[in-house]
Structures are given as C-alpha cells and as structure tokens.
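**Q** got a sequence here, can you build the structure:
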Amino acid sequence: MVRHPRTVEPLQAKGTPIFIRNINNPKKGTTEIVQRGFETADVIKSVTCNKKIAILKIQGAGVGYKPGIIAEIGRIISSIGVNIYSVITSQTCINLLVDRVDAQKSRDALLGLEEGAIDKIEIHDRQALVGVVGEGMLSKKGILARVMNAIAKENINVEMVSSGASDIASYLIVSEKDVDRAVNAIHDDYFPVQ
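**A** Numbers count the residues shown, from 1 in each chain. Sure, this is the predicted structure:
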C-alpha cells in the first residue's frame, strides 16, 4: 500500500504514529511510518506503479538549448489545470509525464509552440510508471543496477529512467503491458517469500 504524503500530513503535524501491516499476514511484522527516514541494508522499502500516465514527447532540434522553453511549456500546461508529474529531458526532446486523461488536451494546448524549436509533439499513452522507494537510493552503490537487472531478467524493456532527483525514489517507465511483471520482479528480488 502506498500513501501519498498529503494523506499523512495531518497525522504528522499532530505526531500521530502510522503503522502498516501485511493484509495477508497482519501478525507478521509491522512497518511504522516515522518523520525521519532511515537506511536499511537493502535500501528498497517499497515498489509501486501508476498505470494511468501518458508521456508527451516534445521533440525538436532546439528544445535542449532554447532559453525559457521548459518554463513556457510549464506555464501553458498549468494554465489548463494539468499537473506535470515529471520532466525528463535530452537535447532534442522534452518528456512530460501527465495523467493519461490530460494528455490530449495538453498536446492541443502546446501546438502553438511547434513553430520554432519544436518539430512535433507525440502522445505515448501505453506506458506505466514504476516507483522504487527507499532511503539511501543515491548513497548506496548498485541499487538502481539491481532494480534494472531484476527487470531485465524478465525480458522487460525500460523505456525511460528518472533517478537522482531525490535520495528516496527512482522512477522507471515501462510498457503498460509489462508493468505488473516489472513490479513483481523488483519485489521478488528485494522481498523474497520465506
């Protein structure tokens, strides 16, 4: 089970402890959610996914160096009430992760930008986001390599990676058809059934 930070903020403000138990075996182990994180030996504490995302691929030779282009894209998307989950860039492509239901209206809103630095905007809506969470993602060597290896053993292609923005989480984009197998592969590698 994954809890969004906003759902625990009221409890955190009052200092109320949060305990999570395994629904299949509630007497075996309890996880306590605390304000200050701590690093465990294997680092990874949870694996989750979002199957309702889309990627807007904003492509063009100039997107990597045109000043203000990301700010302008963010302003336009914000003006139509759409939240951008993440931005992953290269010199020729800006990738926006948005809710699948917002993908088309986001693309439509950005079409005016196609003149100049932007050549085309594509929607990729058959992807899913896999989140790997744990304190120490950056400080312990080999964590992301182990995650990628677990997925590769299942012959699943990782289409995009976002890691390093925080020491607590890394995100992978895989095909929607592969997401359950990817989550299970990581989970089985870090939390083997005993």
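**Q** in which helix or strand does the residue nearest to residue 85 when sequence neighbours are not counted reside?
**A** Leaving aside its sequence neighbours, residue 85 sits nearest to residue 97 (C-beta to C-beta, 6 or more residues apart in numbering; 4.2 Å). Yep, even glycine has a C-beta here, placed from its N, CA and C like the rest. Secondary structure from DSSP states H and E places residue 97 in strand 93-99.
**Q** which other helices and strands does that strand contact?
**A** Applying 3 or more C-beta pairs under 8 Å, 6 or more residues apart in numbering; DSSP states H and E, we find strand 93-99 packed against strand 53-59, helix 69-79, strand 86-89.
**Q** helices of the protein, residue ranges please.
**A** Using DSSP state H, the helices of the chain run over 5-14, 69-79, 103-110, 143-152, 179-190.
**Q** name the nearest residue to residue 117, ignoring sequence neighbours.
**A** Spatial nearest neighbour of residue 117, excluding adjacent residues (C-beta to C-beta, 6+ apart): residue 62 at 3.3 Å.
**Q** if you could redo that for residue 161, that was the one I meant.
**A** The spatial neighbour of residue 161 that comes closest, neighbours along the chain excluded (C-beta to C-beta, 6+ apart), is residue 172 at 5.6 Å.
**Q** ok, now how distant is residue 16 from residue 135?
**A** Residue 16 is 21 Å from residue 135, where distance means C-beta to C-beta, to the nearest Å.
**Q** re the thing from before, make sure the residue nearest to residue 117 is actually in contact with residue 113.
**A** No. At 11.1 Å, residue 62 does not count as touching residue 113 under the criterion of C-beta atoms under 8 Å.
**Q** need the overlap of contacts for these two.
**A** Residues touching both residue 62 and residue 113 by C-beta atoms under 8 Å, 6 or more residues apart in numbering: residue 69.
**Q** low-confidence ranges, the chain, go.
**A** By pLDDT under 70, the low-scoring segments of the chain are 1-5, 8, 22-23, 28-42, 114-116, 194.
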